[in-house]
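>>> sequence? don't have it. structure:
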């Protein structure tokens, strides 16, 4: 899920944070032994899933690297500085570029601009042909993929400041910062466009709408309220992507809740208690979430009622889910991709892409799933209904 990060005000709790960090990967509190992942149950597949293609991108083990899917291209990056464009139909590499720096975050793309970021906070934008267009500087290192579109490249650094750069020139258009809790998770939390706003999840369980025009706050909503007496107990960071659909913005927080709010105003539609281990996905019927123990939950999109829960992947460090027309899809720590039935949550297919962990969330391509493993294997898995 992530690691703990202390701010300047949190030095007094940093030692405790280091000990506690293992909990986020399935370890017990204060040095308790790591809970082993659940063994995979036997499976009688009822959905045929084929691997349309596979291509090696390059290792991303030490980075939070997320591929990007646009209408006619897939963009991916490796931590060694390699960025590539892949043809979605064939899996052929269209171009491969070297940005001459290690990459810690990416990829953001809209088909015209491709953006990545480095451990030193440098933001690098490439054009559609893989040529570096500009470089700019964020306020600290970056681990979340840039958000690209609407003529902007928006970057969130690990000090949780936002910087919006003009996509054509790299000129900084605006910046936004806010006061944060003393302790926060070091996790890749993705932003989302909603109308003329960008929606951003923050430590302390806050979801904020920032105007694309000038960086002003339009509204702020509570995903969850921090609870407890210690800094660790009060961790309530929003995790994973903010998902937009049917006029709602849905998000999840660690030690908190899953909630959906009105995307235009931030007014609460519904919420459910759940300590998130990853972000959420949704379709017209449900919102799908992974909790801190890697159980998969399906909640009704129109009110949050529980539809089903799959408990058989506990402690397998699951990714944020993907909702496809044929299944709910999650990746795990051993390179397996699990397909769960939309109606019941039962296993209907399983594919191992390779043996390395899958940290990037699966992405939709038509009715298939684009998967990237930590060792850099990029694959398209296609259900045959």
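Everything's here; your move. None of the values given here were measured: they were computed from a predicted structure. Residues are numbered from 1 along each chain as shown.
>>> what about residue 227, neighbour count?
12 (other C-beta atoms under 10 Å). Bear in mind the C-beta positions are built from the backbone N, C-alpha and C, glycine included.
>>> if you could redo that for residue 34, that was the one I meant.
12.
>>> who's sitting farthest from the centroid in the protein?
residue 44 (30.1 Å; C-alpha atoms, centre = their mean).
>>> look up how far residue 171 lies from that residue.
57 Å (C-beta to C-beta, to the nearest Å).
>>> with residue 324 instead?
39 Å.
>>> when the two are compared, which one has more neighbours?
Counted by other C-beta under 10 Å, residue 324 and residue 171 do not tie: residue 324 has more neighbours, with 23 against 11.
>>> quick one, what contacts the more buried one?
When contacts are counted by C-beta atoms under 8 Å, 6 or more residues apart in numbering, residue 324 touches 364, 367, 368, 369, 383.
>>> residue 262 now?
Contacts of residue 262 by C-beta under 8 Å, 6+ apart are 247, 248, 249, 268, 269.
>>> bridging residues for residue 377?
residue 56 (DSSP bridges).
>>> scratch that, residue 298
residue 288, residue 308.
>>> pick out the residue nearest the middle of this structure.
residue 240 (3.8 Å).
>>> what sits against that one?
189, 190, 251, 252, 276, 278, 279, 280, 320, 361.
>>> on that earlier part again, how far away is the residue farthest from the centre of the chain from residue 349?
10 Å.
>>> what do you get for residue 317?
According to C-beta to C-beta, residue 317 stands 20 Å off from residue 349.
>>> that's a strand at residue 213, yeah?
No. Going by DSSP: H, G, I helix; E, B strand; the rest coil, the assignment for residue 213 is coil, not a strand.
>>> residue 185 touches residue 238, doesn't it?
No. Contact criterion C-beta atoms under 8 Å: residue 185 and residue 238 do not qualify, at 9.5 Å.
>>> what is in contact with the two at once?
residue 203.
>>> so between those two, which is more surrounded?
residue 238 (30 against 22).
>>> what is the least confident helix or strand in the chain?
helix 11-20 (a mean of 32; mean pLDDT, DSSP states H and E).
>>> what's across from residue 114 in the sheet?
residue 109, residue 126.
>>> what's the separation between it and residue 265?
Taking C-beta to C-beta, one finds residue 114 at 33 Å from residue 265.
>>> try residue 153
With C-beta to C-beta as the criterion, residue 153 and residue 265 are 27 Å apart.
>>> ok, these two, which is more surrounded?
residue 153 (30 against 11).
>>> so that one sits right up against residue 164, yeah?
Yes. Residue 153 lies in contact with residue 164 (C-beta under 8 Å); the separation is 7.4 Å.
>>> determine how far stretch 222-232 lies from the middle of the whole chain.
For stretch 222-232, the gap between its own C-alpha mean and the chain's C-alpha mean amounts to 22 Å (C-alpha atoms, centre = their mean, to the nearest Å).
>>> how about stretch 41-49?
27 Å.
>>> which parts of that stretch are buried?
Using 16 or more other C-beta atoms under 10 Å as the burial criterion, the residues of stretch 41-49 that qualify are 47, 49.
>>> so where's this structure uncertain?
Scanning the chain for pLDDT under 70 picks out 1-33, 62.
>>> just to revisit the earlier point, so which of the contacts of residue 240 is the most crowded?
Of those, with other C-beta under 10 Å as the count, residue 252 tops at 34 neighbours.
>>> ok, now how distant is that one from residue 361?
13 Å.
>>> shared neighbours, those two?
By C-beta under 8 Å, 6+ apart, the residues touching both residue 252 and residue 361 are 240, 278, 279.
>>> which non-adjacent residue is nearest the residue nearest to the centre of the chain?
residue 279 (1.6 Å; C-beta to C-beta, 6 or more residues apart in numbering).
>>> distance of the one you found relative to residue 143?
15 Å.
>>> hmm, residue 380 is touching residue 55, no?
No. With contact defined as C-beta under 8 Å, residue 380 does not reach residue 55; the gap is 9.3 Å.
>>> neighbour-wise, which of these two wins?
Taking neighbours as other C-beta under 10 Å, residue 380 and residue 55 compare with residue 380 leading, 24 against 18.
>>> the more buried one and residue 356, how far apart?
For residue 380, the distance to residue 356 - C-beta to C-beta - is 18 Å.
>>> helix, strand or coil: sort out residue 316 for me.
coil.
>>> what's around it, how many residues?
Residue 316: 25 neighbours (other C-beta under 10 Å).
>>> contacting residues around it?
Counted by C-beta under 8 Å, 6+ apart, residue 316 has contacts 37, 38, 294, 332, 333, 334.
>>> same thing but at 6 Å, please
Neighbour list for residue 316: 37, 294, 332, 333 [criterion: C-beta atoms under 6 Å, 6 or more residues apart in numbering].
>>> redo those residues as CSV? Include distance to residue 302 and secondary structure.
Output for the contacts of residue 316, formatted as CSV (distance: C-beta to C-beta, whole Å; DSSP: H, G, I helix; E, B strand; the rest coil):
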residue, distance to residue 302, secondary structure
37, 34, coil
294, 26, coil
332, 30, coil
333, 33, coil
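>>> out of those residues, which comes closest to residue 226?
Closest approach to residue 226 among the contacts of residue 316 (C-beta to C-beta): residue 294, at 23.1 Å.
>>> if we ignore the residues flanking it in sequence, what's nearest the closest one?
Closest to residue 294 by C-beta to C-beta, 6+ apart is residue 318, at 4.5 Å.
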